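>>> Give the three-dimensional model of this entry:
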Amino acid sequence: MITFCLMLFLQEDPLKDGDAVTPVQKWFAESRVKKDDALRIRDEAAWKELWDRHKETKGVKPPAVDFTKHMVVVFPRPMAFGCIPPELVSLDVRETKEALRVIAEIRPGRCDNDMHGHPMMMGKAALIVVVPRDKKRVDLVEKPKAGEPKVVMTLDALKE
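Residues are numbered from 1 along each chain as shown. Here you go, the predicted model:
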């Protein structure tokens, strides 16, 4: 019995393990980023190119990021869009020895029962977060309304 309790105590909790990291900036919105892969952006040119694709805003400057201290991580996610758009309910960033964990609770888009005639459509949303510059692996952990949180996308650690 003591061994079992100790095993439960020693299991990693993706929502609480590691030190809290304050995200510098964050965005969650419908996105025109076509690529399904997570991205780690570490320079101004790549950031501008992504922002132009994300918002289709050629010529509009992206938000300022100090790439000497920070990087941008991008997680494109398929989402249901309806009368009520998807919403980022909560965001937490944790740092462990092995990884940065971006923990997000995302409520999908929906149509309430009284909104007849509005079809649900699948689209793409992007979670874009500015975090401290790091070479560690970066995990996107989705925290569902019910059930266990799980890693849904990963950026490998940099080898340089």
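>>> Output the lowest mean pLDDT helix or strand found in this structure.
Across the helices and strands of the chain, mean pLDDT, DSSP states H and E gives its lowest value to helix 2-10, namely a mean of 39.
>>> Name the single longest helix found in the protein.
Counting residues, the longest helix found in the chain (DSSP state H) is helix 44-55.
>>> What's the first helix or strand after it?
strand 70-81 (DSSP states H and E).
>>> Quick check: buried residues in that next one?
His70, Met71, Val72, Val73, Val74, Phe75, Pro76, Arg77, Met79, Phe81 (16 or more other CB atoms under 10 Å). No exception for glycine: its C-beta is placed from N, CA and C like everyone else's.
>>> With distance to Ala38 added, can I get those residues in CSV?
As requested, the buried residues of strand 70-81 are arranged in CSV below (distance: CB to CB, whole Å):
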residue, distance to Ala38
His70, 17
Met71, 12
Val72, 11
Val73, 7
Val74, 6
Phe75, 5
Pro76, 8
Arg77, 10
Met79, 15
Phe81, 21
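>>> ok, the residues you listed vs Glu142, which is closest?
Arg77 (8.3 Å; CB to CB).
>>> how close does that closest one get to Val33?
10 Å (CB to CB, to the nearest Å).
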